[in-house]
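K.L.:
okay, here's the prediction I keep looking at, along with the sequence it came from:
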Amino acid sequence: MEIRIENTKTPGVKVTENLGFGKHFTDHMFMMDYNVEKGWYDARIVPFGNLSLHPAATVFHYGAEIFEGLKAYRTADGSVQLFRPIENVRRMNNSAERLQLPTMPEEEMLQAITEFVKHEQDWVPYGAGESLYLRPFLFGNDEALGVHGIQNSRFVIIASPSGSYYKEGINPVKIMIEKDDVRAVRGGTGFAKCGGNYAAANRAGARAEEKGYTQVLWLDGVERKYIEEVGAMNVMFKIAGEVVTPMLSGSILPGITRKSCLELLREEGYKVSERLLSVDELLEACKNGTLEEAWGTGTAAVVSPIGKLSFDGVEYIVNNNEIGKTTQHLYDTLTGIQWGRVEDKHGWIVKI
Ligand code: PLP
Ligand code: COI
């Protein structure tokens with residue numbers, strides 16, 4: 001695939017302190033268009049800027065939008081690397097298939113990501129825990145209001161030099177279990193990374209925030225009984241020595257951090273189970289002291305300890321509101337591999 005490059009004439013100043021998450025952007029973006037007859041065309045790296053779209057564009061009315069999230073890491077020797085980008089490429093194509101947006105050959109999407117990162121590599125930050133967060137996204141771009149198969153789409157990648165996702169950093173976060181709203185149902189779009197899932201989460205998210213909680217923990221959409229995932233991460237619990245995480249039922253996102261943590265834990269001989277976990281079982285474990293640790297996993301959130309869980313107005317403290325041993329171990333191992341401090345025995349790292 002040929003990528004046309006148009007460099008900016010007004011390079012931006014790199015922020016190096018208090019990066020936050022997703023607030024600053026690099027000088028360029030990757031773009032490519034799709035038409036049902038032409039296929040993918042005009043791959044280009046162009047100056048970062050606003051998109052100009054027709055007011056009837058599909059994405060504004062019928063929500064045809066999917067995205068991905070991955071990071072470029074700066075290693076001690078100054079080089080730049082990605083963590084399992086092929087997993088993001090595959091999930092993007094699965095999401096596209098669910099929304100009937102066009103898929104892209106894996107090697108082409110991977111090339112778009114790697115060449116874009118190469119072009120923007122000076123923007124990968126050097127600070128501890130900082131990285132260049134990459135946000136590929138794809139949306140329907142037909143300029144008409146009829147509801148029909150999507151004929152035109154656009155694929156874009158933007159990049160944001162970022163620090164910690166939560167203001168708490170690696171300190172435990174407070175999570176509210178949601179009783180009323182649901183995020184997704186089996187057969188719906190829960191397993192896809194589409195914007196609509198996050199829009200559906202807004203109301204409960206606002207209620208949680210108002211009460212001082214960081215994010216919402218969702219229950220399944222049918223029985224409202226089983227634990228699913230948090231707004232921006234999957235969840236794991238250590239109950240009586242066993243790591244338990246909700247199984248991939250179709251309504252939760254198959255997280256790449258989740259998959260990596262499960263692989264690491266299993267290799268190390270931890271007892272791990274992917275299964276249905278009811279909120280009653282979880283709260284009982286809170287009450288009888290067998291819930292040893294709780295944490296979330298995600299690209300942005302990394303491995304994030306959960307210190308407080310609330311349900312129906314009652315708050316439960318997990319592990320004294322401190323980071324647990326398994327959580328810390330996973331955080332150290334995973335970030336160690338990502339930043340090149342721990343040997344990559346799995347072939348997860350892609351050097352730029
Ligand atoms: N669940 C949701 C709803 C998310 O937004 C994310 C973040 O991407 C995750 C889980 C974790 O997925 P991953 O580990 O692939 O980043
Ligand atoms: C990520 O972890 O990459 C995500 O997409 C989470 C996002 C909603 C901030």
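P.N.:
Structure received. Ligands and ions are numbered 1, 2, ... in the order given.
K.L.:
what residues are up against residue 205?
P.N.:
By Cβ atoms under 8 Å, 6 or more residues apart in numbering, the contact list for residue 205 reads 215-216, 231. All C-beta spots, glycine's among them, are computed from the backbone N, C-alpha and C.
K.L.:
helix or strand for it, which one?
P.N.:
helix 202-210 (DSSP states H and E).
K.L.:
now for whatever helix or strand comes next after that helix, which elements pack on it?
P.N.:
Elements were assigned by DSSP H and E; along the chain past helix 202-210, the next helix or strand is strand 215-219. Judged by 3 or more Cβ pairs under 8 Å, 6 or more residues apart in numbering; DSSP states H and E, strand 215-219 is in contact with strand 173-177, helix 202-210, strand 227-230.
K.L.:
okay, now the domains of the protein?
P.N.:
4-163, 173-338 (automatic domain parsing).
K.L.:
is the shortest one anywhere near ligand 2?
P.N.:
Yes - counting by Cβ under 6 Å from any ligand atom, ligand 2 has neighbours in domain 4-163: residue 69.
K.L.:
what is the mean pLDDT for that domain?
P.N.:
Computed over domain 4-163, the mean pLDDT rounds to 96.
K.L.:
how long is that domain end to end?
P.N.:
End-to-end distance for domain 4-163, by Cα to Cα, to the nearest Å: 30 Å.
K.L.:
what are the ranges of the helices in this structure?
P.N.:
Assigned by DSSP state H, the helices in the chain fall at 58-62, 85-99, 106-119, 195-200, 202-210, 256-267, 279-288, 325-338.
K.L.:
and the fifth one, anywhere near ligand 2?
P.N.:
This points to helix 202-210. No - applying Cβ under 6 Å from any ligand atom, one finds helix 202-210 separated from ligand 2 by no less than 10.8 Å.
K.L.:
could you check the angle strand 215-219 makes with that helix?
P.N.:
Angle between the axes of helix 202-210 and strand 215-219 is 130 degrees (criterion: axes from the mean of the first three to the mean of the last three Cα atoms, to 10 degrees).
K.L.:
and helix 202-210, what's buried?
P.N.:
Residues of helix 202-210 classed as buried by neighbour count (16 or more other Cβ atoms under 10 Å): 204-205, 208.
K.L.:
cool, and the third one?
P.N.:
Across helix 106-119, burial judged by 16+ other Cβ under 10 Å covers 109-110, 112-117, 119.
K.L.:
about what we covered before: would you turn the helices of the chain into CSV with distance to residue 302?
P.N.:
Supplementary listing: these in CSV, determined by distance: least, Cβ to Cβ, whole Å:
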stretch, distance to residue 302
helix 58-62, 30
helix 85-99, 16
helix 106-119, 19
helix 195-200, 19
helix 202-210, 20
helix 256-267, 7
helix 279-288, 22
helix 325-338, 6
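K.L.:
compare the ones you listed and give me the one nearest residue 128.
P.N.:
helix 325-338 (9.6 Å; Cβ to Cβ).
K.L.:
against which helices or strands is the closest one packed?
P.N.:
Using 3+ Cβ pairs under 8 Å, 6+ apart, helix 325-338 sits against strand 80-83, helix 256-267, strand 291-298, strand 302-311.
K.L.:
wait, does the first one make contact with ligand 1?
P.N.:
No - for strand 80-83, no contact with ligand 1 is found by Cβ under 6 Å from any ligand atom; the gap never falls below 9.9 Å.
K.L.:
what's the answer for the second one, then?
P.N.:
Yes - Helix 256-267 lies within reach of ligand 1 by Cβ under 6 Å from any ligand atom, at 256-258.
K.L.:
ok, how many other residues are close to the closest residue to residue 290 other than its chain neighbours?
P.N.:
Distances taken as Cβ to Cβ, 6 or more residues apart in numbering place residue 240 nearest to residue 290, at 4.3 Å, with adjacent residues excluded. A total of 12 residues lie near residue 240 under the criterion other Cβ atoms under 10 Å.
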